[in-house]
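>>> would you be able to build a 3D model of this:
(one chain, ligands or ions: 1)
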Amino acid sequence: MHPPSRQDYTSVSLAGPGGGSYNNSKQWRRQSCWRKWKQLSRLQRSLILVILFICGVASYPAVTEHLRGRSGGVADGNSVLRTVVPHMLPEPVRQDQPSPEHTSQRKLSKKRGPPALQNRLQKKGNASDSEDKAAHGRKEQEGVISWRGAVVDTEQATEGHRDNEDHPAANRTGKTSNKSRASCLEAVQETFLHSWKGYKDFAWGHDELRPLSKSYNEWFGLGLTLIDSLDTMWIMGLKKEFEEAKSWVATELTFNKSVDVNLFESTIRILGGLLSTYHLTGDALFLDRAKDIGSRLMPAFNTPSKIPYSDVNIGRGTAHPPRWTSDSTVAEVTSIQLEFRELSRLTQEPRYQAAVAEVMKQVHKLGGKLDGLVPMFINTNNGQFTHQGIYTLGARADSYYEYLLKQWIQGGRTEPQLLEDYLQAIEGVKKNLLHKSSPHGLTFVGEISHGQFSPKMDHLVCFLPGTLALGAHNGLPADHMDLAKELMETCYQMYAQMETGLSPEIVHFNMHQGSTRDIDVKLADRHNLLRPETVESLFYLYRFTGDRKYQDWGCEILQNFNKYTKVSSGGYTSINNVRDPDYPSPRDKMESFFLGETLKYLYLLFSDDPDLVSLDRYVFNTEAHPLPVWPSAV
Ligand code: DMJ
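Numbers count the residues shown, from 1 in each chain. Predicted coordinates for the structure are as follows:
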């Protein structure tokens with residue numbers, strides 16, 4: 001890593017071509033000016049010099065910003081001169097000017113990939129560049145405001161293409177040209193390959209890459225990033241990389257080791273990743289491995305209440321709660337169902353499905369909910385909610401809501417209890433957690449803490465627009481889609497209003513009149529872990545509305561990941577400070593979900609092919625691994 005103070009500087013020559021040759025009239029004008037200057041008193045000359053100096057200083061930041069190619073100021077109007085990005089985080093590839101790497105990658109992408117997926121990379125939208133520009137121009141005249149160069153309509157989300165109309169890519173409200181969008185698709189594949197290079201060079205077979213120290217981090221010791229990435233590579237058509245990873249799974253991966261794993265994390269990443277790769281490839285290797293890890297996780301359910309423990313030793317077949325408590329996290333015990341239900345269907349062994357269905361049954365019956373909203377902890381001895389009083393759609397509760405809807409969809413919309421709980425919870429969100437910020441009226445989902453509303457929203461909550469849109473697509477009330485669009489705008493603003501264009505982990509919304517900005521970020525919450533939730537929702541919203549602005553927003557986010565989190569030797573890193581573009585302070589960790597989720601959703605967002613993992617045939621688990629909607633249901 002280069003020291004933070006190390007900076008690159010651009011030298012700018014102001015002398016234009018032919019600037020040195022003057023004709024006679026120019027010379028005369030210069031002489032006459034000089035005469036007039038000499039006629040002024042000393043006081044007059046000093047005054048003019050002072051005025052010129054002040055003008056020069058005042059215009060300096062704007063000039064340097066312009067020279068450095070930034071459009072628009074930072075969200076808070078802070079005019080502090082920003083210097084260049086630290087050397088270890090290179091500039092992104094510009095969308096409209098593919099680099100040589102870009103071009104070679106384009107060639108690469110044509111050659112690679114399973115036959116059925118190959119030509120999907122070439123597909124582009126229907127709208128012409130000029131049509132896009134015209135649409136954008138119209139939009140600007142209709143009274144939109146611009147934050148950090150992003151076009152935002154504060155009144156209403158753009159009326160997009162509706163579900164069931166001809167082609168989802170028909171709407172052209174976005175401001176990016178089709179050519180730029182096509183290069184976003186290539187750029188996301190390139191981003192994946194750069195991440196993979198880092199992982200392969202410095203962390204192969206280990207859990208997570210530490211890209212700055214060119215080493216790795218072990219969590220479970222099960223090749224987490226590799227397994228999380230399998231289906232992403234398949235979907236992107238990266239056949240060579242996929243085959244290398246597959247041979248590691250075939251020859252190196254073993255679950256027969258005494259290691260404690262977290263039930264939820266290993267279910268969504270490992271079991272989910274193996275099952276989805278099995279479905280996409282049809283290769284029995286992945287099903288074998290899925291059965292192995294699935295059966296090794298089962299001891300977690302041997303608890304007095306049948307609410308599973310958080311941790312399992314997959315080698316010894318023992319399970320336990322965390323050292324300090326006998327509680328499990330509600331989101332964790334209720335977000336393993338899609339995977340275990342699918343494992344039962346494939347193996348014809350009912351025990352997996354029975355175990356996770358029991359959890360849902362108990363949680364369904366429990367008291368202590370607030371209009372369908374659940375607390376964050378549940379006790380593994382007595383099966384009751386504990387630490388009650390906090391209701392959030394963020395950490396520790398988030399995917400409970402997601403899995404209510406997705407299980408209902410997975411099973412062919414035949415389990416009314418799941419739907420009832422989901423619908424009730426969304427009403428609970430509307431009644432208790434939904435508010436608007438000041439001054440721009442962004443709709444956000446806050447939290448209830450012991451009866452008090454808190455305008456705090458985790459980035460994790462940004463899964464909700466996508467989930468609401470998925471529900472509406474499956475016949476749930478149309479106002480779910482309206483809310484999805486409003487929240488999508490908010491999640492995008494959580495990126496666009498930060499100086500790096502990347503969202504912090506947690507934001508606080510201002511609600512009092514007279515606020516000058518909608519979003520505040522506490523010092524401890526300024527980090528970005530390369531999380532997927534916003535781009536996940538952009539993918540759903542684009543698929544269901546065809547509104548190009550969602551692709552544009554995703555493109556912008558991808559560019560900023562490349563600008564502020566890319567490590568030149570390979571890989572991307574989470575950062576500590578999204579508010580400091582000069583030194584975002586890298587954390588030296590690339591989470592497996594960056595490859596498993598973030599880049600997969602971005603790729604699907606840009607792909608424009610609704611059949612590439614169709615949302616009518618697949619349901620994504622909470623780690624972005626697509627599992628089939630059960631056949632009898634389609
Ligand atoms: C992922 O592991 C999953 O999406 C999970 O549901 C939430 N946290 C991370 C990504 O942010």
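>>> now do the contacts for Leu222.
Leu222 makes contact with Asp207, Leu253, Phe255, Val259, Val261, Ser266, Ile270, according to C-beta atoms under 8 Å, 6 or more residues apart in numbering. Glycine gets a C-beta too; all of them are placed from N, C-alpha and C.
>>> typo on my end, Leu253
Leu222, Gly223, Ile227, Arg289.
>>> which of those residues are close to the ligand?
Applying C-beta under 6 Å from any ligand atom, the subset of the contacts of Leu253 adjacent to the ligand is empty.
>>> from these, pick the one nearest the ligand.
Ile227 (12.8 Å; C-beta to the nearest ligand atom).
>>> give me the phi and psi angles of that closest one.
When read as degrees, to the nearest 10, the backbone of Ile227 gives phi -70, psi -40.
>>> in the stretch 101-250 of the chain, where is pLDDT below threshold?
Counting by pLDDT under 70, the stretch 101-250 of the chain shows low-confidence ranges at 101-173, 175.
>>> for the nearest residue to Ile336 once chain neighbours are set aside, helix, strand, or coil?
Leaving aside its chain neighbours, Ile336 sits nearest to Thr267 (4.2 Å; criterion: C-beta to C-beta, 6 or more residues apart in numbering). Assigned by DSSP: H, G, I helix; E, B strand; the rest coil, the conformation of Thr267 is helix.
>>> correct me, but Thr267 touches Gln337?
No. Using C-beta atoms under 8 Å as the test, Thr267 is too far from Gln337 to be in contact (9.3 Å).
>>> the residue in the stretch 51-200 of the chain that the ligand sits nearest to: neighbouring residues, count only.
Residue nearest to the ligand within the stretch 51-200 of the chain: Ser195 (15.4 Å; C-beta to the nearest ligand atom). For Ser195, the neighbour count with other C-beta atoms under 10 Å is 26.
>>> that one and Ser437, how far apart?
Using C-beta to C-beta, to the nearest Å, one obtains 34 Å as the distance from Ser195 to Ser437.
>>> same check on Gly596?
Distance of Gly596 to Ser437, given as C-beta to C-beta: 32 Å.
>>> ok, Asp552 next?
From Asp552 to Ser437 the distance is 23 Å (C-beta to C-beta).
>>> repeat that for Glu486.
For Glu486, the distance to Ser437 equals 11 Å [C-beta to C-beta].
>>> which of the two has more residues huddled nearby?
Ser437 (25 against 19).
>>> look at Thr225 and say how many residues are nearby.
30.
>>> which residues are in contact with Gln353?
Gln353 touches Phe340, Arg341, Leu343, Ser344, Arg345, counting by C-beta under 8 Å, 6+ apart.
>>> 7 Å instead?
By C-beta atoms under 7 Å, 6 or more residues apart in numbering, the contact set of Gln353 is Phe340, Arg341, Ser344.
>>> same check, this time on Ala397
Shown in contact with Ala397 (C-beta under 7 Å, 6+ apart): Val330, Ala331, Val374, Met376.
>>> try Arg345
Trp630.
>>> next, it: phi, psi?
Dihedral pair for Arg345: phi -60, psi -40, per degrees, to the nearest 10.
>>> same check on the one 3 residues further on?
Dihedral angles of Gln348 (phi, psi; degrees, to the nearest 10) stand at phi 60, psi 30.
>>> give me the number of residues near it?
Around Gln348 there are 6 residues (other C-beta under 10 Å).
>>> what pLDDT is listed against it?
At Gln348, the pLDDT value in this model is 98.
>>> with the one 4 residues further on instead?
The confidence metric pLDDT takes the value 99 at Tyr352.
>>> separation between it and the ligand?
With distances taken as C-beta to the nearest ligand atom, to the nearest Å, Tyr352 is found 20 Å from the ligand.
>>> try Leu418
Separation of Leu418 from the ligand (C-beta to the nearest ligand atom) stands at 18 Å.
>>> surely that residue and Gln410 touch.
No. With contact defined as C-beta atoms under 7 Å, Leu418 does not count as touching Gln410 (9.5 Å).
>>> could you measure from the residue in the stretch 301-450 of the chain that the ligand sits nearest to over to Thr467?
Residue nearest to the ligand within the stretch 301-450 of the chain (C-beta to the nearest ligand atom): Ser399, separated by 4.6 Å. To Thr467, Ser399 is 9 Å away according to C-beta to C-beta.
>>> same question for Val363.
Val363 is 18 Å from Thr467, by C-beta to C-beta.
>>> residues from the stretch 351-500 of the chain in reach of the ligand?
Residues of the stretch 351-500 of the chain lying near the ligand (C-beta under 6 Å from any ligand atom): Ser399, Leu460.
>>> can you give me the helices for the stretch 351-500 of the chain?
398-410, 416-432, 464-473, 478-496 (DSSP state H, counting those that start in this stretch).
>>> and Gln616, how many neighbours?
To be clear, residue 616 is Asp; Gln isn't right here. Close neighbours of Asp616, defined as other C-beta under 10 Å, add up to 12.
>>> helix, strand, or coil at it?
Following three-state DSSP, Asp616 is assigned to coil.
>>> quick one, phi psi at it?
Main-chain torsions, Asp616, degrees, to the nearest 10: phi -90, psi -20.
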